[in-house]
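**Student:** 3D, please:
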Amino acid sequence: MSTSSSTLPRIAIAGFAIESSTFSPHRADFRDFPIVTGDALVNRYASIAPGTQLRDAAQWLPVLGARAIPGGPVLANVYASIRTQILDGLAALLAEGPLDGVFLDIHGAMSVDGMDDAEGDFVSAVRALVGPDTVISAAMDLHGNVTQPLLDAVNLITCFRLAPHEDAWETRDRAIINLVDALRQGRTPLKAWVRVPILLPGEKTSTRVEPAKSLYERIPAIEALPEVVDAAIWVGYAWADEPRCNATVVVTGYDREVIAARAHELARAFWDVRDEFEFVGPPGTLAEGVDAGLASATHPYLISDSGDNPGAGGTGDVTWTLTQLLADERLTAEDSPITLCASVFDHEALEVLAQTPIGAPVDIAVGARVDSGPAGPARVVGILHSLHEGDPAAGRIAVIRVGGLHVIVTEFRKAYHAVTDFTAIGLSPADAQIVVTKIGYLEPELYDVQRGWTLALTPGGVDQDLERLGHHRIDRPMFPFDTFDHEPALEAVILP
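**Tutor:** Next comes the predicted model:
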């Protein structure tokens, strides 16, 4: 551990995160990574916001934060550029004196063209730069992947404990607090690591329901042990075909035997309930969802277009679902109840729609410019209901009305995962009979507003049917792809 001459420890902050489906033809470019620097980067973390005790406990040195919404793999030149910017920023801080700590805000499922372990490469580069004595603490998504290069490079590591991720910021603050505690104690913990040969989609491992709910509820009691600093369970990321994709348990602490036993305990508990995981929402076909939605006495009825969920890595322009909705006269007649369909993105279509008067008839092909696998562009013949500008994610937005069906077309990729995403463009989910949106499990706002729900098992880059996607590079055997001749040992590997 470094011994800075400053009274207060010097702690750098950097982040680089995306969730990448290798089955998605989308490629993440510079536009996908909003950059945050300076005080804005420090102040986003509640534990070190102005006026908190930890704010005055260290010199917080912002480098750069780059976090994208999920998508496909990152273009190699984009990854190299952001990686270099962060390393250059750290080097500039090191030129002023040693760093006592580094807090890294990462994901764990970032794929990069030509690489199999992007986070391992990135964090290893940070370690090589700052040296062996700087304490590195990382916060991750529970849908990330954990490899030995990553673990070798960090001293402290933790991940979310809720899915949906209502504890995302709490987790990042925990990683910061653990870092400060380690510096105060002048020692860093050991890590007990267990790879669990399970790979399941997030919609089958939500902590809203069993068995994941009880599995993750084991963590606080383990973390409360005096010999333990943190306990974490990673579900892993099912929509990448990489050798690192599997479930993982890591327990950090100061007693080798205790953390090994507790890591084995959590891993064994995960393995023992492997056959109990089911979809968090009622699964079904899109047609079954539409039938249920139209028959529902209460509204809105939510339908997840799960195969093209941009919140999990889908391109956001698969038109398979939209094409089916447009062909359903129960939705497109003038007297049909309101159905909201969010969304497809199409820059070229917006160029045309932006020049069209509100209320004018339109006949335009939209979507399937990035992922045309499940369906080609959808022909939308209707009335231009509204136009909007200024959305930082979506850019320009058009709403086309086809009878009761309101089709949302955006200039760029956007996930419609909150009620406010709709109300910002004058559409009220509460007034709609059906809301169809590209999502898997419902985020809290939509979960609270729904009066019925179908998790539609639709095609796309984050298809819930993993067999249909065709993994061939993951380690085998792997549940549920394979049967096991004998139980895995699930013994912990201890790392310094």
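
**Student:** Can you dump the C-alpha atoms of the lowest-mean-pLDDT helix or strand in the chain in PDB for me?
**Tutor:** Within the chain, no helix or strand scores below helix 466-469, which has a mean of 91 by mean pLDDT, DSSP states H and E. Presented in PDB, the C-alpha positions along helix 466-469 are these (Å, rounded to 0.1, in the frame of the first residue of the first chain):
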ATOM      1  CA  LEU A 466     -30.400 -19.600 -25.300                       C
ATOM      2  CA  GLU A 467     -30.400 -22.800 -27.300                       C
ATOM      3  CA  ARG A 468     -31.800 -20.800 -30.200                       C
ATOM      4  CA  LEU A 469     -28.900 -18.400 -30.100                       C
END
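
**Student:** Show me what it is in contact with.
**Tutor:** 23, 199, 201, 238-239, 241, 459, 463, 480-481 (Cβ atoms under 8 Å, 6 or more residues apart in numbering). Placement of C-beta: from N, CA and C, glycine included.

**Student:** Please repeat the previous calculation with a cut-off of 10 Å.
**Tutor:** Helix 466-469 is contacted by residues 21-23, 199-201, 204, 238-239, 241, 307, 457, 459-463, 474, 478, 480-481 when judged by Cβ atoms under 10 Å, 6 or more residues apart in numbering.

**Student:** Filter those residues down to the buried ones.
**Tutor:** Buried members of the contacts of helix 466-469, scored by 16 or more other Cβ atoms under 10 Å, are 21-23, 199-201, 204, 238-239, 241, 307, 457, 459-463, 474, 478.

**Student:** hang on, Ala261 is in a strand, isn't it?
**Tutor:** No. Assignment of Ala261 by DSSP: H, G, I helix; E, B strand; the rest coil gives helix, placing it outside any strand.

**Student:** That one: what's it in contact with?
**Tutor:** Counting by Cβ under 10 Å, 6+ apart, Ala261 has contacts 192, 222, 251, 255, 492.

**Student:** For the first one, grab the count of nearby residues.
**Tutor:** Read it as Ala192. If you count neighbours by other Cβ atoms under 10 Å, Ala192 ends up with 29.

**Student:** Show me what the lengthiest strand in the chain is packed up against.
**Tutor:** As assigned by DSSP state E, the longest strand anywhere in the chain is strand 378-391. Applying 3 or more Cβ pairs under 10 Å, 6 or more residues apart in numbering; DSSP states H and E, one finds that strand 378-391 makes contact with helix 320-326, strand 339-345, helix 347-353, strand 361-366, strand 395-402, strand 405-410.

**Student:** quick one, phi/psi of Tyr254?
**Tutor:** Dihedral angles of Tyr254 (phi, psi; degrees, to the nearest 10) stand at phi -110, psi -10.

**Student:** Which segments of this structure make up each domain?
**Tutor:** Per the record, the chain has its domains at 10-278, 283-463, by automatic domain parsing.

**Student:** ends of the shortest one, how far apart?
**Tutor:** The first residue of domain 283-463 is 13 Å away from its last residue (Cα to Cα, to the nearest Å).

**Student:** That domain - what's its average pLDDT?
**Tutor:** In this model, domain 283-463 has an average pLDDT of 97.

**Student:** do the same with the longest one
**Tutor:** The predicted model gives domain 10-278 an average pLDDT of 98.

**Student:** Just the helices from the stretch 1-150 of the chain, written as ranges.
**Tutor:** For the stretch 1-150 of the chain, applying DSSP state H, counting those that start in this stretch gives helices covering 38-43, 76-94, 118-130, 148-153.

**Student:** Of all those, which one is nearest Ala168?
**Tutor:** Closest approach to Ala168 among those is made by helix 38-43 (15.9 Å; Cβ to Cβ).

**Student:** Not counting its own residues, what contacts that closest one?
**Tutor:** So helix 38-43 is contacted by 11, 13-15, 35-36, 48-50, 55, 60-65, 105 (Cβ under 10 Å, 6+ apart).

**Student:** Whichever of these end up buried, select them in ChimeraX.
**Tutor:** Selecting the buried subset of these in ChimeraX, with 16+ other Cβ under 10 Å as the burial test, is done by:
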select :11,13,14,15,36,48,60,61,62,63,64,65,105
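
**Student:** out of the contacts of helix 38-43, which are inside strands?
**Tutor:** Using DSSP E, the subset of those located in strands is 11, 13-15, 35-36, 60-65, 105.

**Student:** what's the farthest-apart pair in those residues?
**Tutor:** Using Cβ to Cβ, the two most remote members of the ones in strands among the contacts of helix 38-43 are Ile11 and Ile35, lying 20.1 Å apart.

**Student:** quick revisit: kindly indicate which of the ones in strands among the contacts of helix 38-43 lies nearest Ser428.
**Tutor:** Val36 (31.9 Å).

**Student:** List the contacts of that closest one.
**Tutor:** By Cβ under 10 Å, 6+ apart, the residues touching Val36 are 13, 15, 42-44, 62, 64-67.

**Student:** do Leu61 as well
**Tutor:** Contacts for Leu61 (Cβ under 10 Å, 6+ apart) come out as 10-14, 41-42, 89-90, 92-93, 96, 99, 101-103.

**Student:** give me that answer again for 8 Å
**Tutor:** The neighbours of Leu61, taking Cβ under 8 Å, 6+ apart as the test, are 10-13, 93, 99.
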